[in-house]
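K.L.:
Please find the sequence and the predicted model below.
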Amino acid sequence: MRAILLDFGGTLDHPGHWLDRFLHHYRANGIDLGRTELDAAYAHATRTAYGSDADIRHHKLGELVTYLVHHQFDHLHREGPEGIRHYLGGLGLGRQELAERISAAFVRESREGLEKSRQVLSDLSRDFKLGVVSNFYGNLDVILVEAGIRELIQAAIDSKHVGILKPDERIFAAALHALDVPHNQVVMVGDSLSKDIEPAHRLGMRTVWLRHGASADATGGSSKPSPEPVSPMRAGADHIITSLEELKDIRW
């Protein structure tokens, strides 16, 4: 193997889907939502960010997360459960403070994860070309630079720039072209079987699925993310890991 491609959200920044992580921080701040209830607001904020104008391309991580939380709040205030609509509507200026608390906790968690990933990527960069391929908002480069990771990366493929979203195989083909490495010499690492592992497998890449464990919820129990629509074997996962550090132990 000559190169490793990695997903960003849920892979490099922290081992957990962004929706599940937002849900945890909402609950930790007293907003009792279910995953399905937050999912619509999360999807709305994500679509808004994908379709935003040029200003978001300069957002660092904190600015991006705050942007997303505000749009999640907007959707919850308009179309969320009745109790949540009334709660957010009655906060007044406190709504801004609540959004900042949720954003700050999410960003703090991400930065800790990115620092761990930076150390792993630094080790891997001695033996492999590295790339990142992500459904993102035009500011992937900005966030990789902020995290001290961009200098380790030969190709950063942001869906906003190429106009293609995973799981479309063309976004992976763009990464292979940028790395200038044949598909059978590249490994794809990601946390989504359907968006990362399946399309990479179809292109003939080796694949590593980063499996998320249970995450603690606001009551101290565990809240498992919704199951993937396919099994690791059917998706074509060659290896299964629970942390990026395990990549260093795989013998290709």
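P.N.:
It's in.
K.L.:
List the residues that contact the closest residue to Arg21 other than its chain neighbours.
P.N.:
Take Arg21 and drop its neighbours on the chain: the residue closest to it by C-beta to C-beta, 6 or more residues apart in numbering is Phe106, 6.2 Å away. For the C-beta atoms, the positions are set from N, CA and C on the backbone; glycine is no exception. Contact analysis of Phe106 by C-beta atoms under 8 Å, 6 or more residues apart in numbering lists Arg21, Phe22, His25, Val65, Val69.
K.L.:
doesn't Ala105 make contact with the fourth one?
P.N.:
No: the pair formed by Val65 and Ala105 falls short of the contact definition of C-beta atoms under 8 Å, at 9.6 Å.
K.L.:
For the two, work out which one has more neighbours and name it.
P.N.:
Val65 (22 against 18; other C-beta atoms under 10 Å).
K.L.:
which non-adjacent residue is nearest the more buried one?
P.N.:
Nearest to Val65 is Ser103, by C-beta to C-beta, 6+ apart, at 4.7 Å.
K.L.:
Now do the one you found against Lys160, distance only.
P.N.:
21 Å (C-beta to C-beta, to the nearest Å).
K.L.:
avg pLDDT for the strand or helix carrying the residue nearest to Arg21?
P.N.:
Assessed by DSSP states H and E, Phe106 sits inside helix 94-124. Averaging pLDDT along helix 94-124 gives 97.
K.L.:
change the start of the numbering to 24 and stick with it
P.N.:
Understood, numbering begins at 24; the last thing we discussed is helix 117-147.
K.L.:
what's the next secondary structure element after it?
P.N.:
Assignment by DSSP H and E places the next element after helix 117-147 at strand 152-157.
K.L.:
How about residues contacting stretch 191-209?
P.N.:
Stretch 191-209 is contacted by residues 24-28, 152, 154, 156, 177-178, 180, 182, 185, 187-189, 211, 222-223, 225-229 when judged by C-beta under 8 Å, 6+ apart.
K.L.:
That stretch: how far from the chain's middle?
P.N.:
A distance of 20 Å separates the centroid of the chain from that of stretch 191-209, by C-alpha atoms, centre = their mean, to the nearest Å.
K.L.:
swap in stretch 44-63?
P.N.:
17 Å.
K.L.:
what are the ranges of the strands in the stretch 24-173 of the chain?
P.N.:
26-29, 152-157 (DSSP state E, counting those that start in this stretch).
K.L.:
Sheet-wise, list the partners of the last one with their directions.
P.N.:
The reference is to strand 152-157. Paired neighbours of strand 152-157 in the sheet (DSSP bridges): strand 26-29 (parallel), strand 178-181 (parallel).
K.L.:
For Leu163, which of those is the nearest?
P.N.:
strand 178-181 (3.9 Å; C-beta to C-beta).
K.L.:
List the contacts of the closest one.
P.N.:
Residues contacting strand 178-181 (C-beta under 8 Å, 6+ apart): 28, 152-157, 159-164, 167, 173, 194, 197-198, 201-202.
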